[in-house]
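K.L.:
Pasting the sequence and the predicted model now:
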Amino acid sequence: MFERFDTPEEIFNYKLGSALTMERQLVELLEQLEERTLREEIRHPLAVHREETLQHIENIKQCFKLLGEEVHNQPCSVVDAMANEGRAMLKKTDDSLADVVIVALASEAEHYEVAVYETLIANADARKAAAVAKLLRENLAQDKHALTVARTLMKTILEQGIAVGASA
């Protein structure tokens, strides 16, 4: 769709499309991580955030509509790379240690999402697109919460012993 960017709006629309792809990729990744985790205290937050991520997709689609733009996907190679690295690490990791890889990957993805939404919100604010910024802030708030949960889970795993069944 974009071969060259000539306006800030084109860049914003491209990045919004990339965020849409990011969220779609993350739904799939969260499903895979849910299946692989051994701890319910990790599985449940992953499932909750997967549902939130489905809403993020709808919020982004609504942003396109509010801007009078056609909904479109753009590449999101960062999430692709993170997911590929995570899957590769999980293949090499003993099952009893998988949760540490899963929580680390979730944390890394949330950090990236927070950065993406902060940038999109700044652009929406600059465009005086208050309704768009509001929807993006909803996504940002949920991703910041998911990041906090991931950090807490990592601390818990490390304090209890990384491997499932390991003694502290």
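P.N.:
Noted; the coordinates are in hand.

K.L.:
And the strands in the chain, which stretches?
P.N.:
Shown for the chain, no strands are assigned by DSSP state E.

K.L.:
Point out where it drops to low pLDDT.
P.N.:
1-2, 162-168 (pLDDT under 70).

K.L.:
which strands and helices sit next to the longest helix seen in the chain?
P.N.:
Scanning the chain for the helix with the most residues, using DSSP state H, yields helix 130-160. Counting by 3 or more CB pairs under 8 Å, 6 or more residues apart in numbering; DSSP states H and E, the packing neighbours recorded for helix 130-160 are helix 40-67, helix 98-126. From N, CA and C alone the C-beta is placed, and that goes for glycine too.

K.L.:
make it 10 Å
P.N.:
With contacts taken as 3 or more CB pairs under 10 Å, 6 or more residues apart in numbering; DSSP states H and E, helix 130-160 sits against helix 8-36, helix 40-67, helix 98-126.

K.L.:
how about those helices, which one is nearest residue 75?
P.N.:
helix 8-36 (6.5 Å; CB to CB).

K.L.:
Distance from the chain centre to that closest one, please.
P.N.:
Computed by CA atoms, centre = their mean, to the nearest Å, the separation of helix 8-36 from the middle of its chain amounts to 7 Å.

K.L.:
Who are the packing partners of it?
P.N.:
When contacts are defined as 3+ CB pairs under 10 Å, 6+ apart, helix 8-36 sits against helix 40-67, helix 77-92, helix 98-126, helix 130-160.

K.L.:
Tell me which of those sits most buried.
P.N.:
Of all the helices and strands packed on helix 8-36, helix 98-126 carries the top mean neighbour count, a mean of 20, counting by mean count of other CB atoms under 10 Å.

K.L.:
Return the angle between stretch directions for that one and helix 130-160.
P.N.:
Helix 98-126 and helix 130-160 are oriented at 160 degrees to each other (axes from the mean of the first three to the mean of the last three CA atoms, to 10 degrees).
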